[in-house]
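>>> Model the following, please.
(one chain, ligands or ions: 1)
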Amino acid sequence: MKNRIQKTLPVLLLSLLAVFNANAKPASKVRPNIVVLLADDWGYSDVGAYGSEIKTPNLDALARRGVKFSNFHVTASCSPTRSMLLTGVDNHLNGVGNMRETIPQEHVGRPGYLTVLNEKVVTVASLLKDSGYRTYVAGKWHVGKEAHNLPNQRGFDHSLVQGDSGSDNWETGKRYLDLTDKVYWYEDGKPVVMPTDFYSSEFYIDKTIGYIRAGAAEKKPFFAYVGFQANHIPVQAPKQFIDKYKDYYKEGWNALRRERREKAIALGLIPKEAAMGTMASTKDWDALSETDKQFQIRSMQVYAGMADAMDFHVGRLITDLKKSGEYDNTVFVFLSDNGPEASDPYATKFGRLWLQFNYNHDIDQLGAKGAYSVIGPSWATAAASPLSTHKFYAGEGGIRTPLIISGVPGMKQNAVQSSFTHINDIVPTLLDIAGVAQPGDSYQGKPIMRMTGQSLLPVLQGRAQRTHAADEAIGYELSGNAALFKGDLKLIKNIKPVGDGQWHLYDISKDPSETHDLQASLPQQFAQMQLDYADYAKANGVLTMPEGYEPVHQVLVNALINVYVPRFKIPAMILLAALALLAAVKIRRRRQRPQ
Ligand SMILES: [Ca+2]
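Below is the predicted model:
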């Protein structure tokens, strides 16, 4: 009997424990807050932690607390990247196959080419909100101003956004080019009157802090998305930030490119043997006049000041989260939407004419309210150093940007992740961190596009070496500039005049600057990857660019159609009506005149 009790008692106890456990609620697991910090037009080496001389101590601290991705890819322009950052779906499937500013008219409205989000995608904000997160966005939106596309209808509890591709950083009513009729601002889906005392990075962080504090009583984790305007043109910054760089940049862009490349190598971000990417548009520094040099030096100091100011305001958010005790439970994701901006609107007649009436360009004013500053093509190659090309193009300088992730439970610290990663991996990662399942092919009973990226959690936590299999083909296209990634190889084609319109092949793990074409030595891969690209283009509905497409010319044509025709339509109709009335009166008088 004693033996029997001895044998059955543990079984009974275990059974009771099992029943108890089955009925017990799972231990409350606090899900992390998530902050996504999206910089605008920052180059690969514009962050201190990526080799920059620009002081970004707060971003650097996030990098030390987490993982720096050295081989991360976005698209080469603003809204296509933003559409993928929010949905995890290829831009040709989510509606943003091209930007409103650069789309050829032949493509407007074609499937995938709405230039705004379509109804077949759901945002990460909607999915996190459904799962119990409070959700906020402040900053540049750029994925649609239609009522159904504003943040309040795309999953955000609270939002304050600028709807288009950019605007002045000091004056909220001022456009940066004549590409829209006005600057559109919305708070919680409604037009909003903006304050006159404004600096973009400061204001967006103030709003974010305000939203987080106001919702703290709800006792829910938060998701906050900050879409900075820094460093989109016009490059502007408070003077105290610009003045920190008064002794910098005097040796010119080639010296800066070399300096940043060496630092990026020392930081383990690019391999020692990586060559320097070169661009035909980079001017000869030594051939510049002293006046031109001074102007260029000041332009780059303003650029550094703008990035420094953004980092400073990121620091204010971090400080606030530390004070409220939320910091240790907050995941930060920092990235740039594309590589550095090389275009200079002063270089076109259209831009120059408009800017003469709207901004000054005086060296002692650069960065200040009323002044317009850009870095242009030569400094842009330094911002992207040591990579080739810049914003808009499919070279690594256009589409490889910094990505820092910190604060994920169980993740590696102060580490570099060098395997290929992609913008479509961000949404699966955030869902994974929040413990939310991907929606698959349908959301709330409606069919949607399936996400194609992979969660970065296994590499963040050191459970995997790479995110994408070596034989996975990942395509890319924007305005005819195209690429296909497979393992360490990249097939790439850039349109003229920056590219030659032909395919090239590079090993971007060893040669991230794309200087050594492998098509002759790897003919099989070269041929196969072209077939893989054709499959990608077909599956994603990529349209062929019309013959002779030229992006700057297209921006002018689209401005004419989108802004000038509507602007002058009513005055033209009034003028025609007045002329018709005048003619009718004349005819009537002639008839009434005595014969
Ligand atoms: Ca951008």
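>>> What's the mean pLDDT across the helix or strand containing Met300?
Assigned by DSSP states H and E, Met300 belongs to helix 290-324. On average, the pLDDT along helix 290-324 is 98.
>>> just checking, next helix/strand downstream of it?
Helix 290-324 is succeeded, C-terminally, by strand 330-336 (DSSP H and E).
>>> what pairs with that next one, and is each one parallel or antiparallel?
strand 33-39 (parallel), strand 403-406 (antiparallel) (DSSP bridges).
>>> what's the shortest one in contact with?
If I follow you right, that is strand 403-406. 47, 49, 59, 62-63, 65-69, 72, 331-335, 411, 421, 429, 456, 460 (C-beta atoms under 8 Å, 6 or more residues apart in numbering). For the C-beta atoms, the positions are set from N, CA and C on the backbone; glycine is no exception.
>>> sorry, back to before: looking at the strands paired with strand 330-336, spot the one closest to Ile363.
Of all the strands paired with strand 330-336, strand 33-39 sits nearest to Ile363, with 25.9 Å by C-beta to C-beta.
>>> hmm, the closest one touching the ion?
No. Using C-beta under 5 Å from the ion, strand 33-39 stays clear of the ion, coming no nearer than 8.5 Å.
>>> Including mean neighbour count, could the strands paired with strand 330-336 go into a markdown table?
Formatted as a markdown table, those follow (neighbours: other C-beta atoms under 10 Å):
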| stretch | mean neighbour count |
| --- | --- |
| strand 33-39 | 24 |
| strand 403-406 | 25 |
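>>> Reformat those into JSON lines and put mean pLDDT and distance to His468 next to each item.
As requested, the strands paired with strand 330-336 are exported to JSON lines (pLDDT from 0 to 100; distance: least, C-beta to C-beta, whole Å):
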{"stretch": "strand 33-39", "mean pLDDT": "98", "distance to His468": "21"}
{"stretch": "strand 403-406", "mean pLDDT": "98", "distance to His468": "14"}
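>>> Of those, which is nearest Pro377?
strand 33-39 (19.9 Å).
>>> Figure out how far the closest one is from the centre of its chain.
12 Å (C-alpha atoms, centre = their mean, to the nearest Å).
>>> For the ion, give me its nearest residue in the stretch 301-450 of the chain.
Among the residues of the stretch 301-450 of the chain, Asp337 lies closest to the ion, at 4.2 Å counting by C-beta to the ion.
>>> In strands, which of the contacts of strand 403-406 fall?
66-69, 72, 331-335, 421 (DSSP state E).
>>> about what we covered before: give me every residue that touches the residue of the stretch 301-450 of the chain closest to the ion.
Neighbours of Asp337 in contact, by C-beta under 8 Å, 6+ apart: 38-41, 74-75, 77-78, 81-82, 85, 401.
>>> Now intersect these with the strands, please.
Per DSSP E, strands hold the following members of these: 38-39.
>>> quick one: which of the contacts of Asp337 is nearest Asp441?
Using C-beta to C-beta, the contacts of Asp337 come closest to Asp441 at Leu85, 21.1 Å.
>>> Wasn't Pro566 part of a helix?
Yes. Counting by DSSP: H, G, I helix; E, B strand; the rest coil, Pro566 is located in a helix.
>>> Would you map the strands across the stretch 51-200 of the chain?
For the stretch 51-200 of the chain, the strands defined by DSSP state E, counting those that start in this stretch cover 66-69, 72-73, 134-140, 158-162, 185-187, 190-191.
>>> what does the last one rub up against?
Same thing as strand 190-191. With C-beta under 8 Å, 6+ apart as the test, strand 190-191 has contacts from 184-185.
>>> how about the ones in strands among the contacts of strand 403-406 in TSV, adding pLDDT and neighbour count?
Conversion of those to TSV gives the following (pLDDT from 0 to 100; neighbours: other C-beta atoms under 10 Å):
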residue	pLDDT	neighbour count
Gly66	98	24
Val67	98	24
Lys68	98	27
Phe69	98	27
Phe72	98	26
Val331	98	24
Phe332	98	26
Val333	98	24
Phe334	99	28
Leu335	98	21
Thr421	98	23
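>>> Next, the contact list for the residue of the chain found nearest the ion, please.
Nearest to the ion, among the residues of the chain, is Cys78, at 3.7 Å (C-beta to the ion). By C-beta under 8 Å, 6+ apart, Cys78 lies in contact with 40-41, 99, 140, 142, 165-166, 232, 337-338.
>>> Swap in 7 Å and give it another go.
Going by C-beta atoms under 7 Å, 6 or more residues apart in numbering, Cys78 touches 40, 99, 142, 165, 337-338.
>>> For the strands of the stretch 51-200 of the chain, give me TSV that also has distance to Val565.
Converted to TSV, these look like this (distance: least, C-beta to C-beta, whole Å):
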stretch	distance to Val565
strand 66-69	44
strand 72-73	37
strand 134-140	26
strand 158-162	24
strand 185-187	24
strand 190-191	23
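>>> Same list, those strands, but as TSV with distance to the ion please.
Output for the strands of the stretch 51-200 of the chain, formatted as TSV (distance: least, C-beta to the ion, whole Å):
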stretch	distance to the ion
strand 66-69	18
strand 72-73	14
strand 134-140	8
strand 158-162	13
strand 185-187	19
strand 190-191	24
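>>> Can you tell me the element Phe350 falls in?
Secondary structure (DSSP H and E) places Phe350 in helix 349-358.
>>> Break down the stretch 451-595 of the chain into its helices, ranges please.
Applying DSSP state H, counting those that start in this stretch to the stretch 451-595 of the chain gives helices spanning 457-460, 523-539, 551-559, 565-592.
>>> what's the most buried one of these?
Most buried of the helices of the stretch 451-595 of the chain by mean neighbour count (mean count of other C-beta atoms under 10 Å) is helix 457-460; its value is a mean of 22.
>>> what sits up against it?
So helix 457-460 is contacted by 67, 405, 408, 411-412, 417, 419, 429, 432-433, 464, 466-467 (C-beta under 7 Å, 6+ apart).
>>> Up against the ion, what does the stretch 301-450 of the chain have?
The stretch 301-450 of the chain has residues 337-338 near the ion, with proximity defined as C-beta under 5 Å from the ion.
>>> In the stretch 301-450 of the chain, where is pLDDT below threshold?
Applying pLDDT under 70 to the stretch 301-450 of the chain flags no residue at all.
>>> Show me the residue at the heart of this protein, geometrically.
Asp337 (1.8 Å; C-alpha atoms, centre = their mean).
>>> What sits closest to it if chain neighbours are left out?
Using C-beta to C-beta, 6 or more residues apart in numbering and skipping the chain neighbours, the partner closest in space to Asp337 is Thr81 (4.2 Å).
>>> residue contacts, that neighbour?
Residues counted as contacts of Thr81 (C-beta under 7 Å, 6+ apart) are 74-75, 337-338, 423.
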